[in-house]
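Trainee: pasting the structure only:
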């Protein structure tokens, strides 16, 4: 059978732009996998090309067969004891089963047996006719539509006036071509397969565009329909035009980099045409974050930045039409953006008439959480926590600045600008703080106390910002855990996982001399009797986040487990401990010492009572235990000194010298001696060994 390429296109009304790429990939991907599963692809070399534009989802698949190959199958029927009687003749049950498969009694002679004894069964060999392409495409299309990740389904009426269907947007056309042939009979959403589609609403050379064959689809749409069907090609073309337009403007300007905006605009146009527009320079007096946000979020424009990263008064528009005279398009966009910028300027001017300090009392009227009170109450808690952290760091001036920054950090939430653009919280607080004449460190902290806001985000730039950001995140974590409001599954409405990772990153990357448990406990007094103490659960939660982060950085689960098993309180030490464990793991002595450590731990756990790390040298009897004690006396103090100095790698490598005496001890010494005093002393020796070896990490976790 000759294979040809297949094209399937669903022509619809404008699809939701933020979901378009995902919809296109899912539609094409399911079609491909379903055809593959049905044996309709001629070889493993078959290739899929997905298309997605504002008004179409399509897939082009190479090497598709008109019919799948017939397949020999062996079907289990029933146990031999059920299918055949004592004389070996077929039972009525077997004859009925064969009839259901379209076979007569004569097929009994061809049945085979498999298995032994009671498990022996009858099997029927037959040939299953390969599925026809039209039937296979119908099944694949139904599956693709059923599995489409539709953000919100709409119900609409079909042309017959009676029927209705559910889909992401009303569908108006279906193209299914195998080579040059339309697959007659394929239907979906009230549509029947054909070869005609539609191009650009206004600039198509012909309408409808009749697709000649599956391979001409993209070229015909481009040439006759004025549409770039491929999402990837359209995105690349927009990026190219944006750069070219910026170069035409000159002066080293560049379009703002925003992948999400580029994706969204790609999903809004079918044939992009980038144009240069501008606005009055007086608007540049407004903080550029405000102008950039309104242009991107509301108008989908690309602001132009100069070589210093400052906003210019020019911006780029991605139009869906290409008129000979573009002045009407540019003029229209300039008129549309002007009121947006004027609103931003008005909000900025109005907000600056009141100081941030004058807005503090108004936070008492804003509900934060029904169990935790208002934003005003929350601010007072964050202030108390920030001062506590600064005192733990031993800096009274830092405590004063952190207190002021914490008091004002949330006040921009009740400004007009942040009310219009919530994304600017913190950013506007910094501008207004500087306008009020506050210290730069305090202003920076007001903006930075939300950081890090997402994975990979930068940390607060100054110490004041770090303290307030820590206080803010700890207030959220301790408060939410204290009222039992924990994340479940994918639900984390208060972003507690993100807050925990933020706390971890600041403690680690800023190398803060703060003990984690002490830090969490110090937060509790700020809440009074509003919450329960959930410190143990919160500690587990934070260490889990830390473990996940470390594994993502390339440390093995064993390495991470060995270090975090000790619950190190200074998280800034964890990286050094892990590097020490990794270096220790490269030593030839490591496997034996890890296994011995595990053995020691098990022995101590099984002891009748708690074992103290104490040894009476006079009681030591065997040469091997005396040698181990002597080695400990020699090695342990040096390892302890290196540990105290923070040289964890050297400490573990020093302990590697214990391998030989440890091996000899277990080979020649019976720990559970009949003499109670001897047994207790040997257990004390093992406890001393265990204590010495497990300061950096629990080495037993490295045992395979």
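Mentor: Now that the structure is in, tell me what you want to look at. Predicted model, so just to flag it, every value in this text is computed and none were measured.
Trainee: drop to CA atoms for contacts and neighbour counts, all remaining ones
Mentor: Will do.
Trainee: just wondering, since we're on residue 371, how far is it from residue 354?
Mentor: Here residue 371 is placed at a distance of 31 Å from residue 354 (CA to CA, to the nearest Å).
Trainee: same question, residue 593
Mentor: Distance from residue 593 to residue 354, by CA to CA: 67 Å.
Trainee: higher neighbour count, these two?
Mentor: Shown here are residue 593 and residue 354; by other CA atoms under 10 Å, residue 593 has more neighbours (24 against 13).
Trainee: Quick check on residue 67: phi, psi?
Mentor: The phi/psi pair for residue 67 (degrees, to the nearest 10) reads phi -150, psi 140.
Trainee: What residues does it make contact with?
Mentor: Contacts for residue 67 (CA atoms under 8 Å, 6 or more residues apart in numbering) come out as 1, 40, 130-133.
Trainee: try residue 631
Mentor: If a contact means CA under 8 Å, 6+ apart, then residue 631 has 658, 661 as its contacts.
Trainee: could you check the distance from it over to residue 625?
Mentor: The spacing between residue 631 and residue 625, counted by CA to CA, is 10 Å.
Trainee: Could you pull out the strands in the stretch 351-500 of the chain for me?
Mentor: Assigned by DSSP state E, counting those that start in this stretch, the strands in the stretch 351-500 of the chain fall at 367-369, 373-374.
Trainee: Spatially central, which residue of this protein would that be?
Mentor: The residue lying closest to the centre of the chain (CA atoms, centre = their mean) is residue 455, at 8.8 Å.
Trainee: Contacts only, for that one.
Mentor: Counting by CA under 8 Å, 6+ apart, residue 455 has contacts residue 498.
Trainee: before we move on, what about residue 677?
Mentor: Counting by CA under 8 Å, 6+ apart, residue 677 makes contact with residue 619.
Trainee: and it, that's in a strand?
Mentor: No - under DSSP: H, G, I helix; E, B strand; the rest coil, residue 677 falls outside any strand and is assigned helix.
Trainee: Low-confidence regions, the chain specifically.
Mentor: Confidence mapping of the chain against pLDDT under 70 gives the ranges 1.
Trainee: longest helix of it?
Mentor: helix 327-351 (DSSP state H).
Trainee: by contact count, what packs against that helix?
Mentor: In terms of contacts (3 or more CA pairs under 8 Å, 6 or more residues apart in numbering; DSSP states H and E), helix 327-351 is packed against strand 273-278, helix 288-299, strand 311-319, helix 416-420.
Trainee: could you dump those to CSV with mean neighbour count and distance to residue 183?
Mentor: Shown next, in CSV, are those (neighbours: other CA atoms under 10 Å; distance: least, CA to CA, whole Å):
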stretch, mean neighbour count, distance to residue 183
strand 273-278, 20, 36
helix 288-299, 17, 42
strand 311-319, 21, 36
helix 416-420, 18, 53
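Trainee: Nearest to residue 509, out of those?
Mentor: Nearest to residue 509, of all the helices and strands packed on helix 327-351, is helix 288-299, at 27.5 Å by CA to CA.
Trainee: list the helices and strands the closest one packs on?
Mentor: Using 3+ CA pairs under 8 Å, 6+ apart, helix 288-299 sits against strand 302-305, helix 327-351.
Trainee: make it 7 Å
Mentor: If you count contacts as 3 or more CA pairs under 7 Å, 6 or more residues apart in numbering; DSSP states H and E, helix 288-299 packs onto helix 327-351.
Trainee: The helix it packs on versus strand 311-319: what angle between them?
Mentor: Per axes from the mean of the first three to the mean of the last three CA atoms, to 10 degrees, the angle that helix 327-351 makes with strand 311-319 is 140 degrees.
Trainee: Can you pull out the residues in contact with helix 327-351?
Mentor: Residues outside helix 327-351 that contact it (CA atoms under 7 Å, 6 or more residues apart in numbering): 275, 277-279, 283, 286, 290-291, 294, 415-417.
Trainee: Pull the distance from it to the chain's centre.
Mentor: Relative to its chain's centre, helix 327-351 lies at 36 Å (CA atoms, centre = their mean, to the nearest Å).
Trainee: Stretch 325-344 now?
Mentor: Offset of stretch 325-344 from its chain centre (CA atoms, centre = their mean): 37 Å.
Trainee: for the stretch 451-600 of the chain, what spans make up the helices?
Mentor: For the stretch 451-600 of the chain, the helices defined by DSSP state H, counting those that start in this stretch occupy 463-482, 496-509, 516-523, 535-552, 557-564, 574-585, 590-605.
Trainee: same deal with the stretch 51-200 of the chain?
Mentor: Residue ranges of the helices in the stretch 51-200 of the chain, as given by DSSP H, counting those that start in this stretch, are 80-83, 92-100, 133-146.
Trainee: got TSV for these, with mean neighbour count and distance to residue 543 too?
Mentor: Below are these laid out as TSV (neighbours: other CA under 10 Å; distance: least, CA to CA, whole Å):
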stretch	mean neighbour count	distance to residue 543
helix 80-83	18	59
helix 92-100	15	60
helix 133-146	19	41
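Trainee: JSON lines please, covering the ones you listed and showing distance to residue 663.
Mentor: Shown next, in JSON lines, are the helices of the stretch 51-200 of the chain (distance: least, CA to CA, whole Å):
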{"stretch": "helix 80-83", "distance to residue 663": "61"}
{"stretch": "helix 92-100", "distance to residue 663": "69"}
{"stretch": "helix 133-146", "distance to residue 663": "63"}
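Trainee: ok, back up a step: closest to residue 246 among the contacts of residue 67?
Mentor: residue 40 (48.2 Å).
Trainee: I'd guessed that closest one sits against residue 65; true?
Mentor: Yes - contact criterion CA atoms under 7 Å: residue 40 and residue 65 qualify, at 5.2 Å.
Trainee: Please enumerate the shared neighbours of these two.
Mentor: If you check residue 40 and residue 65 against CA under 7 Å, 6+ apart, the residues they both contact are residue 133.
Trainee: just to revisit the earlier point, the contacts of helix 327-351: which two are farthest apart?
Mentor: Farthest-apart pair in the contacts of helix 327-351 is 275 and 415; separation 34.5 Å (CA to CA).
Trainee: sorry, back to before: in a markdown table, list the contacts of residue 67 along with distance to residue 688.
Mentor: As requested, the contacts of residue 67 are exported to a markdown table (distance: CA to CA, whole Å):
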| residue | distance to residue 688 |
| --- | --- |
| 1 | 78 |
| 40 | 69 |
| 130 | 73 |
| 131 | 73 |
| 132 | 76 |
| 133 | 75 |
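Trainee: Among these, which one has the most neighbours?
Mentor: When neighbours are counted by other CA under 10 Å, residue 40 leads the contacts of residue 67 with 24 neighbours.
Trainee: From residue 140, how far out is that residue?
Mentor: Distance, residue 40 to residue 140, using CA to CA: 11 Å.
Trainee: circling back to that earlier point, ok, which of the helices and strands packed on helix 327-351 comes nearest residue 662?
Mentor: Ranking the helices and strands packed on helix 327-351 by proximity to residue 662 (CA to CA) places helix 288-299 first, at 64.6 Å.
Trainee: Which residues does the closest one contact?
Mentor: For helix 288-299, the surrounding residues in contact (CA under 7 Å, 6+ apart) are 301-303, 311, 340-341, 344.
Trainee: now with 8 Å?
Mentor: By CA under 8 Å, 6+ apart, the residues outside helix 288-299 that reach it are 261, 301-303, 310-311, 337, 340-341, 344, 421, 424, 427.
Trainee: what do you get for stretch 507-517?
Mentor: Under CA under 8 Å, 6+ apart, the answer for stretch 507-517 is 392-393, 506, 535, 539, 569-573.
Trainee: Just the closest of the contacts of helix 327-351 to residue 15, please.
Mentor: The shortest approach to residue 15 among the contacts of helix 327-351 belongs to residue 294, at 23.2 Å (CA to CA).
Trainee: And that closest one, how far from residue 155?
Mentor: Distance of residue 294 to residue 155, computed by CA to CA: 33 Å.
Trainee: And for residue 679?
Mentor: Separation of residue 679 from residue 155 (CA to CA): 80 Å.
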